[in-house]
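Asker: Predicted model and sequence below, questions to follow.
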Amino acid sequence: MLDRATTTRHPRAVQDLDAPDLSNGDLARIFHEIGDMLEVKGELVFKTVAYHRAADAIAHSPVEVARAYREGHPPRIPGVGAAISKKLEELASTGRLAFHERLRAEVPPSLVELLAIPGVGPRTVKLLYEQRGIESLDDLRRAAEAGHLRDLRGLTEHTEAAILDGIAQLQRRQARLHLGEAERIADGLMAELLDAPGVASIVSAGSLRRRRETIGDLDLLVSTSDPQAVVRRFVGLASVDGVIGSGPHKAAVRLVDGAQVDLMVMPPGEEGAYLVHFTGSKEHNVRLRSRARDRGWSLSEKGFVRLGADGEPLAGADADLRTFATEQAVYGFLDLAWIPPELREDRGEIEAAATGTLPRLVDLADVRGDCHTHSDWSDGVHAIEQMADAARARGYGYQVLTDHSVSLGIAHGLDADRVALQRSVVAALNDRFAREEDAGRAPGATPPEGFRLLHGCELEIRADGRLDFPDELLAGFDVVVASLHVSRRQPREQLMARVTAALRSPHVDILAHPSGRVIGGRDDLDLDWDAVYAEAARTGTLLEVNGSDHRLDLSDERARRAVEHGCLLAIDSDAHRVEELDAMRWGVDAARRGWVEVRSVANAWSRARLLDWVARKGDRLG
DNA sequence: GCCGTTTTCGGCCCGACTGTTTTCAGTCG
């Protein structure tokens, strides 16, 4: 899906050949902007789509595209043909693109911002620019307020009001929702709709069902025999701020807190194609419909309609509509295995479903322990015992207590004395667990191997590359999680030296939140990712998929690439309070989106196997 | 602009809703 918010930011300027390579994100922004500007110019729609498609493919490419071009081995990227490849070459070697600059001279880049106004598309922008010289949001607001738009063809007083409302919306529109927040809102709405007359079931679809790391709009699908009733209930909910649109089978609203929610009605017994249609990404759906067309069928949310010899759907007496109750049947009709929602992004899942090679994704139930948790000894909220009891109640076989190390003063990092003291607390707790298990008083979900709290730490990788604890102290921990919180803006070489030092330490078992990003907050560390994966794989250091829904780090795509390099992963909650232990699920979601199978997840192992693996790191290093 | 175990040219996914259109274009997902 085209993300307007990212298309209007300008790529960072590159002045000389020694400047760093443009990132995939920079390249994607350039090609999205080209696509947008061509749209405004009124260029052939397929051409503009081609630029957007290529931009998305570049953004999702596992290799650093600009660097690969510069090194003379351009990768094959779907949607990038001769013309765009040539442009990539120019960007990689000079950091600029003459075509892009000509376009920016011809079409004011600020016009692209107008496309973000709800209800304003390329045709309207073109009209506004050509007929009224409107180039920016400010121009447009002034013109609408002054009533200077209503005499344009197709525009009225009503349109002016709609545009002003749209601009206001744009300016108070919240950033995309984090997963946890999106799910909480969706669950609340579904609870309010479930008892509307005729409602059989409700599911949330769209990017929330695919478990994308951030959610733009929420999509609710309602199976009901009384569409009118549920639509009425929906648009009248107390949390609704305004109704964007409403028809007999669908409605869209904006909530008081800014989120947009679409509701679609499904006829009972025909939910299959609806679920497929409203869950898959745009790209996934286009591929499915194209595959249907190849087989002589048109696919929409309603189901399949047979095509005639002219390529048009058969109508009248010849009409042939096939509907299905389940997604399995819809995919099956296309000779595809059912595809887990997390994979429906057109990143190879359709080919895999056709050849029976879909991955067997890791599941929350596979997780047997949590390797990254905090207590109130450093910057956590709850006591060690509360955290451990909560983990044990979740059916885990182990939890690693990883309070911060000494130099992270802001988080009350532990010094050697407190480490020793903490170790005695952990030992006492484990005595209690052992006694309770012997007496058969352990919680019912406790696995056969019992539950043990393991003693670890979150070891700071200092700005100068040294680790925060000496080797003798590190050797005493069961599991060591290393991470980098300070001096994040160092040049790549320096950051790589720090990360590499941690990966090569015989005592560091897990590299936590490797990119250091905070979604919507802090950017990634500037690392040579393929080199990080290679070193992690070589040393057998686990890479973390941090489950906090503000981190999700490694990201889905990085997790996938890491596994391709032979890395093992640890999916952790990084909980600082009891409730945050449930963040494990977001981490599992991210891993699933990254095609991660259970065999690549070390905390799906038993406690004994995990401890054996980390104990032998010194041997592996040779 | 991309792409091809039918095609190197001629296609390129589909439908609902909105507003002002006297029959449909624009926008959106």
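Answerer: Perfect, thanks for sending it. Numbering: from 1, shown residues only, chains lettered A, B, ... in the order given.

Asker: Taking the stretch 401-550 of chain A, what residue is nearest to DNA strand B?
Answerer: A:Gly520 (19.3 Å; CB to the nearest atom of the strand). Yep, even glycine has a C-beta here, placed from its N, CA and C like the rest.

Asker: Please point out which parts of stretch A:249-257 sit buried.
Answerer: Neighbour-count burial for stretch A:249-257 flags A:Ala251, A:Ala252, A:Val253, A:Arg254, A:Leu255 (criterion: 16 or more other CB atoms under 10 Å).

Asker: Hmm, A:Leu307 and A:Leu314 touching each other?
Answerer: Yes. A:Leu314 is within contact range of A:Leu307, at 7.0 Å (criterion: CB atoms under 8 Å).

Asker: buried ones in the longest helix seen in chain A?
Answerer: Determined from DSSP state H, the single longest helix within chain A is helix A:416-438. Buried residues in helix A:416-438, counting neighbours by 16+ other CB under 10 Å, are found at A:Val419, A:Gln422, A:Val425, A:Val426, A:Leu429, A:Asn430, A:Phe433, A:Glu436, A:Glu437.

Asker: Check stretch A:606-617 too.
Answerer: A:Arg607, A:Leu610, A:Leu611, A:Trp613, A:Val614, A:Lys617.

Asker: For stretch A:405-416, measure first residue to last.
Answerer: For stretch A:405-416, the first and last residues are 9 Å from each other (CA to CA, to the nearest Å).

Asker: What lies in contact with that stretch?
Answerer: The contact list for stretch A:405-416 (CB atoms under 8 Å, 6 or more residues apart in numbering) reads A:377-379, A:403-404, A:422, A:457-460, A:462, A:468-469, A:473, A:485-486.

Asker: and DNA strand B, which of the buried residues of stretch A:606-617 contact it?
Answerer: Subset of these in contact with DNA strand B: empty, counting by CB under 7 Å from any atom of the strand.

Asker: Contact partners for the residue of the stretch 151-300 of chain A found nearest DNA strand B?
Answerer: For the stretch 151-300 of chain A, the residue closest to DNA strand B is A:Gly247, as judged by CB to the nearest atom of the strand, at 2.1 Å. A:Gly247 makes contact with A:Val231, according to CB under 8 Å, 6+ apart.

Asker: Now do it, the pLDDT please.
Answerer: On the pLDDT scale, A:Gly247 is placed at 91.

Asker: Could you do A:Arg462 as well?
Answerer: pLDDT, A:Arg462: 95.

Asker: Can you lay out the buried residues of stretch A:249-257 as CSV showing distance to DNA strand B?
Answerer: Converted to CSV, those look like this (distance: CB to the nearest atom of the strand, whole Å):
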residue, distance to DNA strand B
A:Ala251, 7
A:Ala252, 7
A:Val253, 11
A:Arg254, 10
A:Leu255, 14
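
Asker: If you tally nearby residues, what's the number for A:Val65?
Answerer: 26 (other CB atoms under 10 Å).

Asker: OK, contacts around it?
Answerer: So A:Val65 contacts A:Asn24, A:Leu27, A:Ile58, A:Pro74, A:Pro75, A:Ile77, A:Leu88, A:Ala92 (CB under 8 Å, 6+ apart).

Asker: hang on, isn't the last one packed against A:Glu71?
Answerer: No. Here A:Ala92 lies out of contact with A:Glu71, judged by CB under 8 Å, at a distance of 9.0 Å.

Asker: between these two, who's got more neighbours?
Answerer: Each of A:Ala92 and A:Glu71 has its neighbours counted (other CB under 10 Å); A:Ala92 has more, 21 against 11.

Asker: Next, the closest residue to the more buried one other than its chain neighbours: secondary structure please.
Answerer: Of all residues not flanking A:Ala92 in the chain, A:Tyr69 sits nearest, at 3.6 Å (CB to CB, 6 or more residues apart in numbering). Secondary structure, DSSP: H, G, I helix; E, B strand; the rest coil: A:Tyr69 is helix.

Asker: since we're on the residue in the stretch 1-150 of chain A positioned nearest to DNA strand B, how many residues are nearby?
Answerer: Nearest residue of the stretch 1-150 of chain A to DNA strand B, counting by CB to the nearest atom of the strand: A:Gly121, 2.3 Å away. For A:Gly121, the neighbour count with other CB under 10 Å is 12.

Asker: Spit out the contact partners of it.
Answerer: A:Leu115.

Asker: swap in the one 3 residues further on?
Answerer: Taking CB under 8 Å, 6+ apart as the definition of contact, the neighbours of A:Thr124 are A:Leu114.

Asker: tell me how far the helix or strand it falls within is from the chain's mean position?
Answerer: Per DSSP states H and E, A:Thr124 falls inside helix A:122-132. Counting by CA atoms, centre = their mean, to the nearest Å, helix A:122-132 is centred 35 Å from the centre of its parent chain.

Asker: can you give me the mean pLDDT across it?
Answerer: Mean predicted confidence for helix A:122-132 is 89.

Asker: Pull it out as CSV, backbone CA atoms only.
Answerer: Only the C-alpha atoms of helix A:122-132 are listed here, as CSV (Å, rounded to 0.1, in the frame of the first residue of the first chain):
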residue,chain,number,x,y,z
PRO,A,122,-4.4,13.5,-8.7
ARG,A,123,-7.2,14.9,-11.0
THR,A,124,-8.3,17.4,-8.5
VAL,A,125,-4.7,18.5,-7.7
LYS,A,126,-4.0,19.0,-11.4
LEU,A,127,-7.2,21.0,-11.8
LEU,A,128,-6.3,23.2,-8.8
TYR,A,129,-2.8,23.8,-10.0
GLU,A,130,-3.6,24.6,-13.6
GLN,A,131,-6.8,26.6,-13.0
ARG,A,132,-5.9,28.4,-9.7
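
Asker: Name the next helix or strand downstream of it, please.
Answerer: helix A:137-145.

Asker: now the helix or strand just after that next one and helix A:137-145, what's the angle there?
Answerer: Sequence order places helix A:157-172 as the next helix or strand after helix A:137-145, per DSSP H and E. Per axes from the mean of the first three to the mean of the last three CA atoms, to 10 degrees, the angle that helix A:157-172 makes with helix A:137-145 is 150 degrees.

Asker: Starting from the next helix or strand after helix A:157-172, tell me which strands it pairs with and how they run.
Answerer: As assigned by DSSP H and E, the chain's next helix or strand after helix A:157-172 is strand A:177-178. Partner strands for strand A:177-178, per DSSP bridges, with pairing direction: strand A:214-215 (antiparallel).
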